[in-house]
Structure formats: C-alpha cells, structure tokens
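>>> using only what follows, build the 3D model:
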Amino acid sequence: MAKAIVIGAGIGGIATALRLKKKGYQVTVLEANAYAGGKLHAMNLDGYRFDLGPSLFTMPHLVTELFELYDIKTEDYFQFTRKDILCNYFWEDGKRFSVQANQQDFVKSASKAFNEDEAALAAYLHKNKEKYDLTARLFLENSLHKINTYLSADTVNAIFKVAKLDTNSSLDQVNKKAFKNPKVIQLFNRYATYNGSSPYKTPGIMSMIPHLEMYFGTYYPKGGMHQISQSLYQLALNQGIIFKFNEKVEEIVVANKKAKGVISQKNNYAADIVISNMDIYPTYKKLLKEQVHPTKTLKQERSSSALIFYWGISKEFPELDLHNILFSTSYENEFKAIFEDKTLISDPTVYINITSKEDKKDAPQGHENWFVMINAPGNYGQDWETLVQNARRHIIAKINNILKVDLESFITAEHILSPVGIENSTSSYRGALYGAASNTKFSSFLRHPNFSRKINNLYFCGGSVHPGGGIPLCLLSAKIVGDLVPKLN
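Just a heads-up that it's a prediction; the model follows:
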C-alpha cells in the first residue's frame with residue numbers, strides 16, 4: 001500500500017489525512033506537540049474551560065462532509081447548534097446593536113438602528129452573495145495554480161463580471177459607497193480581520209466574507225471549538241490513520257526532484273506522498289533547507305496576529321452573548337498601528353467570546369469564561385512584556401467604560417497568549433494567524449500553491465497556503481490536496 005506522511009496535526013492536516021486515507025493511502029501524521037488540533041486547542045484553568053484558538057464556527061458542511069466521506073453520521077461524533085444572534089456590537093457612545101442571523105430581520109433592525117435605507121442594506125448583502133457565487137469555485141475550491149482551473153466556465157463567467165468584484169477598491173471604500181452611517185461601515189469593515197488584513201488595504205472583493213457568516217450562519221459546537229478538531233481526530237483514529245505526537249519533523253527527504261519521505265527527531269519515514277500542514281515559511285526554512293525557495297512568496301506581508309487574555313470572571317453579564325465586539329473609536333489608526341507601526345494603540349477593538357453562555361459547565365456557577373482578544377501585529381521583536389501590560393490596562397478600561405463595571409475585581413483566573421506564544425506553539429511565522437495578509441488584490445495569487453512545482457509528490461495544506469486561513473479555508477485546502485493527489489487503483 002502506498003504511504004503518505006502528513007506533517008502537522010492541525011485541522012488542515014487531519015482533514016487531508018482523512019481524504020488521503022479514503023483514496024487508499026496508508027497515512028501517518030507526525031506532530032511536534034503532544035496533542036492534535038494545532039490552533040484548535042483548549043485548556044482548563046481553575047475550574048474554567050477555554051478554547052485557545054479560533055472561536056468562530058461557520059460553514060459546518062465542510063466538517064460534516066468528512067464524516068459523510070466514510071458514510072458515518074456526524075452526530076455520532078459531533079453536534080452543533082445554529083445561533084440566532086451572530087454578534088453583539090458596542091460603541092463608546094453607548095450604542096449597542098445585535099446582528100440577527102435572519103437576514104430580513106437584520107436588514108429591518110439595522111435600517112432602524114442606523115437610519116440606513118433597507119434597500120441599500122439588502123442590495124449590499126445580495127452583492128456579497130453574488131461575489132461569492134462568482135468566485136467560490138475559482139478562488140476557494142480549486143487550485144489557482146493549475147491551468148485547467150482557468151479553462152472552466154466559472155472562470156469565464158467571473159472574468160466577464162469582474163467589475164462586480166470590486167478588486168480595484170478597498171473594502172473600506174466599498175462599504176463607504178454602500179452606507180452613510182460610520183457605525184455600519186465599521187461593522188462591515190471588521191470582516192477584514194477574518195483573514196488577518198486591513199479593511200483600508202484589502203480589496204473590496206473581501207466583502208464576500210460577511211456572506212460566509214450572514215448567509216451560512218454561525219454555530220456553536222457542543223463541547224466548544226476544540227471539539228471540531230477532536231471529533232475529526234477521533235474519526236481519523238477509527239479509520240486507521242496513525243498519529244505520532246511529540247515527534248518533530250526535521251527534514252523532508254528529496255531525491256531526483258521527488259519527495260521520498262521525512263526525517264524526524266526519532267525516526268526516518270519513507271513515503272510516496274508528503275504533505276506539509278506546517279506554516280509554509282518554516283516548511284522551507286527548516287524542512288527544505290537545501291531546496292530552491294519561493295522567495296517572493298516567503299517575503300509576503302504577514303497577516304495580523306492576536307493578543308488574547310483568558311479570564312475567569314466571577315460575574316454573569318446578561319448583555320453579552322457568545323460573540324461580542326467593543327469597537328475602537330480610532331479604527332483606521334488601529335490598523336495603521338498593526339500593519340505599519342507594528343504596535344498596539346491605546347483604544348483597541350476588543351472581542352469577547354464566552355462559551356459558558358452555551359455550555360454552563362465551562363465556568364463555575366454564576367461565573368463566565370472570557371476569551372478576550374485584540375488584533376495585534378506579528379512578532380517582530382517588540383517589547384511584548386510592556387505591550388501586554390499596557391494592552392491589559394487599556395482593555396479593562398474600555399470594558400469598564402462600556403459595560404459600567406469594575407472588571408478587575410471580578411477576574412479570578414488569567415492566562416495570556418501573545419504573538420510570541422502563538423509562534424512558539426504553532427510554528428506560525430511571526431505568530432501570523434492566517435499566513436500571508438490579503439492587503440493587495442494579488443494576494444490570493446501570491447499564496448503558495450497546494451503542491452510543489454519543483455518537487456514531485458510534495459503537497460501543502462493549512463492556513464498559510466491557498467486558499468487561506470481560518471477553519472473553512474483550511475478544510476478547503478485539504479479538499480484541494482485531496483483532489484490533486486492521485487487516487488490509488
């Protein structure tokens with residue numbers, strides 16, 4: 001039986017392993033950490049449970065189809081519920097707004113709350129759907145680096161309607177053209193952060209991102225986000241996929257322009273196919289040292305990172321839900337600081353995720369588990385100790401002002417994860433959450449392909465390669481690799 005080695009047990013690596021196993025390969029996954037899931041990890045602290053990584057779950061069909069691949073009922077491994085409220089938004093002037101999952105309800109309530117025309121809101125959502133429908137098969141579901149992708153009817157259709165894609169405008173410009181109220185513009189500008197970019201730089205085509213949330217919905221996985229990776233890991237084990245933890249890969253073996261296997265700290269593994277789920281930058285710099293590197297790709301601007309405070313809170317806040325945003329009053333300056341100055345401003349946008357709103361057991365009775373995150377620059381050697389201390393003070397002050405509370409008195413447990421910690425635990429270069437940023441209209445084409453042009457039998461999946469970062473795109477990268485790797489007879 002032909003052998004496949006997957007480097008990294010992140011969600012992209014697990015999904016790729018499942019797809020290759022179905023194609024007839026004997027699959028072994030090597031992981032440097034002691035656990036499966038990569039960024040989709042969790043911890044328990046003083047009676048609180050926290051998801052350490054991604055906190056938003058959308059497009060669940062990309063998970064369920066992996067169970068369907070093996071004719072297995074998803075609910076035997078994994079359950080999830082759809083949310084009626086996508087997110088609660090708060091501004092410093094006291095304005096509050098909840099985005100409803102039902103689009104008609106959202107249009108009506110947003111029109112009333114922000115004095116925006118209902119028709120304009122509906123037209124914006126419709127245009128976002130049109131962008132997605134025009135480009136999803138081209139940009140998200142197929143390799144951008146294979147000629148047959150460009151010979152399809154989908155490509156021809158997208159080319160003829162390219163003006164509708166807003167590639168020559170920034171997301172901010174598209175939103176300012178669509179709306180009058182600066183709060184609505186800010187609300188839709190926020191979606192640039194879903195791929196670690198700036199709304200003032202990323203192209204207007206990215207307005208399709210809210211479509212993924214507002215059309216497909218947001219969901220809560222029973223047991224938390226960690227359960228997504230763990231359910232797929234359990235499925236993989238049950239299909240005979242081998243996982244070896246605490247086993248760091250040191251080299252991808254290449255001979256005669258073919259990947260022949262890998263060398264780990266513990267063993268040498270021969271393989272017919274090698275797939276790296278590791279960030280593309282360290283994949284080349286550490287595992288392919290002697291090979292020609294794609295210099296232009298590796299020099300791409302990195303996406304934003306995150307600074308996260310995990311707080312046990314000895315109080316319940318009925319005005320908060322699973323997803324909450326406290327907006328900065330200096331939004332453009334916030335992104336300038338992150339991407340140009342590589343620092344943090346004193347008035348950051350604060351995201352608060354509280355899974356105990358859905359699973360009461362995630363916190364002691366009468367308490368809540370707060371995942372408090374701000375967007376941050378990558379690790380460029382800044383004085384993170386000072387940045388973290390200042391950010392903590394500014395975040396608490398912002399929460400106190402908006403929620404009218406003395407938050408410090410309710411913090412009973414604390415864990416902090418900075419870009420340095422993200423880089424160290426996940427091998428994500430500079431702690432970037434999404435690999436390369438999407439701050440130009442050519443960013444999608446500059447992402448590394450899901451295969452090597454110079455080394456046969458070498459493939460790549462995960463958030464640092466095509467089509468991008470985040471759970472849905474990582475799963476789509478696995479699907480693309482699954483289609484590229486030849487099926488065994």
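>>> quick one: stretch 429-441 to chain centroid distance?
Taking C-alpha atoms, centre = their mean, to the nearest Å, one finds the center of stretch 429-441 at 11 Å from the center of the full chain.
>>> measure that stretch end to end?
Stretch 429-441 has its terminal residues 22 Å apart, counting by C-alpha to C-alpha, to the nearest Å.
>>> how about that stretch: buried residues?
429-441 (16 or more other C-beta atoms under 10 Å). Quick note: C-beta positions are derived from backbone N, CA and C, even for glycine.
>>> please identify the buried residues of the lengthiest helix in the chain?
Taking DSSP state H as the assignment, the helix of the chain that covers the most residues is helix 384-403. Going by neighbour count (16+ other C-beta under 10 Å), the buried part of helix 384-403 is Trp384, Leu387, Val388, Ala391, Arg392, His394, Ile395, Ile396, Lys398, Ile399, Ile402, Leu403.
>>> now the buried residues of stretch 429-441 as TSV including distance to Ile185 and pLDDT?
Converted to TSV, the buried residues of stretch 429-441 look like this (distance: C-beta to C-beta, whole Å; pLDDT from 0 to 100):
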residue	distance to Ile185	pLDDT
Tyr429	32	96
Arg430	29	97
Gly431	29	96
Ala432	26	96
Leu433	24	94
Tyr434	23	93
Gly435	27	92
Ala436	26	91
Ala437	21	92
Ser438	19	89
Asn439	18	90
Thr440	21	85
Lys441	20	75
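>>> how near is the spatially most distant residue from the centre of the chain to Asn456?
Largest separation from the mean C-alpha position in the chain: Asn256, at 35.9 Å (C-alpha atoms, centre = their mean). Using C-beta to C-beta, to the nearest Å, Asn256 is found at 9 Å from Asn456.
>>> show me where the chain dips below the pLDDT cut-off.
Residue ranges of the chain with pLDDT under 70: 138-139, 141-164, 444-445, 489.
>>> picking that back up, for the residue farthest from the centre of the chain, what are its contacts?
For Asn256, the contact set (C-beta atoms under 8 Å, 6 or more residues apart in numbering) is empty.
>>> how close does it sit to Ala363?
From Asn256 to Ala363 the distance is 57 Å (C-beta to C-beta).
>>> next, count neighbours for Ala255.
Ala255 sits with 9 neighbouring residues when counted by other C-beta atoms under 10 Å.
>>> state the distance from it to Glu290.
11 Å.
>>> next: Ile338.
Counting by C-beta to C-beta, the gap from Ile338 to Glu290 is 35 Å.
>>> which of the two has more neighbours?
Ranked by neighbour count (other C-beta under 10 Å), Ile338 and Glu290 place Ile338 first, with 26 against 7.
>>> with adjacent residues omitted, what lies nearest to that one?
Distances taken as C-beta to C-beta, 6 or more residues apart in numbering put Pro377 closest to Ile338, at 4.9 Å, once the chain neighbours are dropped.
>>> does the one you found touch Lys336 like I think?
No. Using C-beta atoms under 8 Å, Pro377 is not in contact with Lys336, being 10.8 Å away.
>>> quick one: which of those two has more around it?
Pro377 (23 against 15).
>>> show me the contacts for the more buried one.
Applying C-beta under 8 Å, 6+ apart, we find Pro377 in contact with Ser304, Ser305, Ala337, Ile338, Phe339, Asp341, Lys342, Thr343, Leu344, Pro419.
>>> sort out for me which of those are in helices.
Going by DSSP H, the helices hold Pro419 from those.
>>> inside strands: which ones of the contacts of Pro377?
Among those, the members falling in strands (DSSP state E) are Ser305.
>>> mark which of the contacts of Pro377 are buried, thanks.
Buried by 16+ other C-beta under 10 Å: Ser304, Ser305, Ala337, Ile338, Phe339, Leu344, Pro419, out of the contacts of Pro377.
>>> which one among these gets closest to Phe90?
Of all the buried ones among the contacts of Pro377, Phe90 sits closest to Leu344, with 19.5 Å by C-beta to C-beta.
>>> I figured that closest one hits Leu387, correct?
Yes. Leu344 lies in contact with Leu387 (C-beta under 8 Å); the separation is 5.6 Å.
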